[in-house]
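**Q** Attaching a predicted model along with its sequence, questions to come.
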Amino acid sequence: MTDISRRTIVKGSVLAAALAATPAAASASAPTPRQPAGVALVRNRLTLPSGIATGDVTSDSAVLWSRASGAGRMTAVLRAVDDGGAVLRGRGAFEHTLRGPRATQASDFTAKIHAGNLPSNTRFALEISFEDDGGAAGESVRGTFRTAPDAGTYNGKGRTGGTSNGGEVTASSVQSFVWTGDTAGQGWGINEEIGGMRGYRAMHQTRRDFFIHSGDTVYADGPLAETVVERDGQVWRNLVTEEVSKVAETLTEFRGRHRYNSMDANMRAMFADVPVIANWDDHETTNNWYPGEILDDPRYTVRDVNTLAARGRQAWQENMPIADSAALWRPGTFDDGGQYQPARIYRKISRGPQLDIFCLDMRTFKSPNTDGKEAYATNILGQEQVDWLIREVTKSTATWKVIAADLPLGIIVPDGAVNQESLANRDPGAPLGRELEIAGVLGAFKHNRVKNVVWLTADVHYCAAHHYSPERAAFTDFDPFWEFVAGPIAAGSFGPNAMDTTFGPEVVFSKAGRFAGESPRDGENQFFGHVQLGEDNTFTASLRNANGATVFSKELTPQR
């Protein structure tokens, strides 16, 4: 990597400071009021340099997140609004002010509030600010989000309970969402000459209800240079900061990766307006890592992956608006010092009678990367998570059960010449190693008569639609299902990869880059997925490039 000059680092730092005063989105931020002359007032005013975000939004709750420029108490104002943004009066009116935790250096000045007891299927205008230790209010940044429909939808005659067969759904309660993965990887960072991370703008423009980030939310192991010469000779120009100039090893460097991505105006605008459901994968720490690994990489002075993963996990939890009771500050439950505790991050997000999201953690409990051909089961999820997944999916009364995974099922993802990163092991025969764990999950779904399960993932840097069926498989004790793959959103393109046929996948569609590591310059080979749930409970999944063009679409009809 070319050395980054002090001028470049300063330029990135100055830009970050300038962005701190820039609204998260033109439609979602209030104009900054004029302040009386006085340098001290301007200097002391707390700003929100990374914008705001909401996450894990259900029918009655939401996580509210932001980062302050210094120590201060987080405040959030929620108002119910109509689709035009006008505050609701009378019936449907809702306005609450929530005072949250004090953001301190211990959390990199990030803070979260768990807003509960919210009305369902309601759009909210959100305003977040921080109050400094002297009681002075800082910058306010505005956003919006909608809570999910509740467990019974209103059809004009009364409430109907959600069932696995799907209750009645009205036009006002249908949902759509997007998903993708892989942000700022392979040396391709924020290039303002092409409009920054345009894929985030394309996702934002779909007017969806929430966003699943399927992992590799940052590339902690991928340094960014100021310029990169592309294959065709064009020069890619990255914004850079000191923290992204090398692989992340310290907590400050891991935090700097998240701060860097939030410098992108497209991401900040989308996160202010679209609730996030976040997975984590490997690049939040380092490529293809597993617990207990000792790195053999000369770029690192810290070789113990467990140490790196703990720091990467803390930075990720600080910056992702995830709803986990041990990772949140709740009045009367946790003090400021207990805001970010190591906690279970696999979780269920209920989105009403049509949809439940089951967000997996395929990294924390992962067994070492081997050839994957052990005669006994090895971990990709771990037994506790397997039991949770089977139990919660079986209990779900939602029409559609979406498994938000950070690794694909049937795609072969090598880790070197022999070892495997995901669960596919290149052997088309009966399940072995990690495949045995997933075979147990799929078999349990069948035996428990679970219907309408769809797997969504990213990771492999191309998009694809796979149909799995026992009639093509070596392992046959499961019901057919679909897996859709989308990504990268702002990283290099790769693929397509070979498939392992143990679970009988058919590649119905795939589209990859023109060559390995292709830049996001034209957006043609960076991808995201979009799902539209219909009033008739159909599930329409489309794969789109970073310019918003649809390259594939498939409508699924729920099984009764």
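**A** Yep, it's here.
**Q** what sits against Thr227?
**A** 2, 235-238 (Cβ atoms under 8 Å, 6 or more residues apart in numbering). C-beta coordinates here come from the backbone N, C-alpha and C atoms, glycine included.
**Q** who does it bridge with?
**A** With DSSP bridges applied, Thr227 shows beta-bridge pairing to Arg237.
**Q** now swap in Arg99 and tell me
**A** Thr75.
**Q** Just confirm it contacts Arg73, I think it does.
**A** Yes. Between Arg99 and Arg73 there is a contact at 6.4 Å, judged by Cβ atoms under 8 Å.
**Q** Those two: which is more packed in?
**A** Arg73 (19 against 12; other Cβ atoms under 10 Å).
**Q** State the pLDDT value of that one.
**A** pLDDT recorded at Arg73 is 97.
**Q** surely it meets Pro101?
**A** Yes. Under the criterion of Cβ under 8 Å, Arg73 makes contact with Pro101 at 7.5 Å.
**Q** between the contacts of Thr227, which is closest to Pro496?
**A** Trp236 (24.2 Å; Cβ to Cβ).
**Q** Tell me who's in contact with that closest one.
**A** Contacts of Trp236 by Cβ under 8 Å, 6+ apart are 188, 191, 227-230, 519, 521.
**Q** among those residues, which are in strands?
**A** 227-229 (DSSP state E).
**Q** now, which of those sits nearest Arg123?
**A** Distances from Arg123 to these, taken by Cβ to Cβ, are shortest for Val228, at 41.2 Å.
**Q** For that closest one, which non-adjacent residue is spatially closest?
**A** Closest residue to Val228 apart from its sequence neighbours, by Cβ to Cβ, 6 or more residues apart in numbering: Trp236 at 4.4 Å.
**Q** Please report how far that neighbour lies from Val305.
**A** From Trp236 across to Val305, the span is 30 Å (Cβ to Cβ, to the nearest Å).
**Q** low-confidence ranges in the stretch 301-450 of the chain?
**A** 324-343 (pLDDT under 70).
**Q** Helices of that one, start to end?
**A** Counting by DSSP state H, counting those that start in this stretch, the segments of the stretch 301-450 of the chain that form helices are 305-319, 383-395, 434-447.
**Q** same thing with the stretch 51-200 of the chain?
**A** 198-204.
**Q** picking up where we left off before, when you filter the contacts of Thr227 down to buried only, what's left?
**A** 236-238 (16 or more other Cβ atoms under 10 Å).
**Q** ok, so of the residues you listed, who is nearest Phe515?
**A** Using Cβ to Cβ, those come closest to Phe515 at Trp236, 15.0 Å.
**Q** per-residue confidence at the closest one?
**A** Value listed for Trp236 in the pLDDT field: 98.
**Q** Could you do Gly92 as well?
**A** 89.
**Q** Now for it, how many residues are close by?
**A** Quick note: Gly92 (other Cβ under 10 Å) scores 11 neighbours.
**Q** And Ala549, by the same measure?
**A** 10.
**Q** Where does the prediction get shaky in the protein?
**A** 1-43, 151-169, 324-343.
**Q** Can you tell me how far the residue nearest the centre of it is from Val402?
**A** By Cα atoms, centre = their mean, the chain has its centre lying nearest to His213, at 2.1 Å. Here His213 is placed at a distance of 14 Å from Val402 (Cβ to Cβ).
**Q** likewise Val413?
**A** 21 Å.
**Q** what about the two, which has more around it?
**A** Each of Val413 and Val402 has its neighbours counted (other Cβ under 10 Å); Val402 has more, 25 against 18.
**Q** correct me, but the more buried one touches Val454?
**A** Yes. If you go by Cβ under 8 Å, Val402 and Val454 touch, sitting 5.3 Å apart.
**Q** ok, Gly504 touching Pro470?
**A** Yes. At 6.0 Å, Gly504 counts as touching Pro470 under the criterion of Cβ under 8 Å.
**Q** Please identify which of the helices of the stretch 301-450 of the chain is closest to His461.
**A** Per Cβ to Cβ, nearest to His461 of these: helix 305-319, 20.2 Å.
**Q** Give me the contacts around the closest one.
**A** So helix 305-319 is contacted by 50, 65, 67, 107-108, 110, 217-218, 220, 248-251, 254-255, 257-258, 262, 278, 280, 284-286, 289-295, 300, 302, 327, 340, 342-343, 345 (Cβ under 8 Å, 6+ apart).
**Q** List the ones among those that fall in helices.
**A** 251, 254-255, 257-258 (DSSP state H).
**Q** what about burial for these, which qualify?
**A** Looks like those have 254-255, 257-258 buried, using 16+ other Cβ under 10 Å.
**Q** Turn the residues you listed into CSV, including distance to Ala202.
**A** CSV is the format used below for those (distance: Cβ to Cβ, whole Å):
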residue, distance to Ala202
Phe254, 28
Arg255, 28
Arg257, 23
His258, 22
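**Q** Among the ones in helices among the contacts of helix 305-319, which one lies nearest to Gly85?
**A** His258 (29.4 Å).
**Q** Next up, the contacts around Glu483.
**A** Contacts of Glu483 by Cβ under 8 Å, 6+ apart are 408-410, 454-457, 465-466, 468, 505.
**Q** repeat that for 10 Å
**A** 403, 405, 408-411, 453-457, 464-468, 503, 505 (Cβ atoms under 10 Å, 6 or more residues apart in numbering).
**Q** Please report the distance of Ser469 from Thr147.
**A** 37 Å.
**Q** ignore the last one, Val228
**A** In terms of Cβ to Cβ, Val228 sits 42 Å off from Thr147.
**Q** surely Leu409 meets Glu437?
**A** No. Counting by Cβ atoms under 10 Å, Leu409 sits too far from Glu437 to count as a contact (11.2 Å).
**Q** Give me the more crowded residue out of the two.
**A** It is Leu409, of Leu409 and Glu437, that has more neighbours when counted by other Cβ under 10 Å, with 25 against 21.
**Q** That one - nearest residue in space that isn't next to it in sequence?
**A** Glu483 (5.8 Å).
**Q** And Ser469 and Thr147? Which one has more around it.
**A** Thr147 (24 against 15).
**Q** Ser59: neighbour count?
**A** 18.
**Q** got a list of what it touches?
**A** Ser59 neighbours (Cβ under 10 Å, 6+ apart): 118-122, 147-151, 350-353.
**Q** Return the distance of the closest residue to Glu374 other than its chain neighbours relative to Gln205.
**A** With Cβ to Cβ, 6+ apart as the criterion, Glu374 has its nearest non-adjacent residue at 4.3 Å, and that residue is Gly433. According to Cβ to Cβ, Gly433 and Gln205 sit 42 Å apart.
**Q** Look at the two and report which has more neighbours.
**A** Between Gly433 and Gln205, counted using other Cβ under 10 Å, the more crowded position is Gly433 (23 against 10).
**Q** The more buried one reaches Lys366, doesn't it?
**A** No. At 11.6 Å, Gly433 and Lys366 do not qualify as touching, with contact defined as Cβ under 10 Å.
**Q** For the two, list the residues in contact with both.
**A** Jointly contacting Gly433 and Lys366 under the rule Cβ under 10 Å, 6+ apart are 378-380, 423.
**Q** now could you export just the CA positions of stretch 479-494 as PDB?
**A** Provided in PDB are the C-alpha atoms of stretch 479-494 (Å, rounded to 0.1, in the frame of the first residue of the first chain):
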ATOM      1  CA  ASP A 479     -38.300 -29.700   2.500                       C
ATOM      2  CA  PRO A 480     -37.300 -27.600  -0.600                       C
ATOM      3  CA  PHE A 481     -36.400 -23.900   0.100                       C
ATOM      4  CA  TRP A 482     -34.800 -20.900  -1.500                       C
ATOM      5  CA  GLU A 483     -31.600 -19.000  -0.700                       C
ATOM      6  CA  PHE A 484     -30.900 -15.600  -2.200                       C
ATOM      7  CA  VAL A 485     -27.500 -14.000  -2.200                       C
ATOM      8  CA  ALA A 486     -26.800 -10.300  -2.700                       C
ATOM      9  CA  GLY A 487     -23.600  -8.200  -2.500                       C
ATOM     10  CA  PRO A 488     -21.200  -6.600  -2.400                       C
ATOM     11  CA  ILE A 489     -22.700  -3.100  -2.000                       C
ATOM     12  CA  ALA A 490     -19.500  -1.100  -1.900                       C
ATOM     13  CA  ALA A 491     -16.500  -3.500  -2.400                       C
ATOM     14  CA  GLY A 492     -14.800  -5.600  -5.100                       C
ATOM     15  CA  SER A 493     -16.800  -8.100  -7.100                       C
ATOM     16  CA  PHE A 494     -15.800 -11.800  -7.300                       C
END
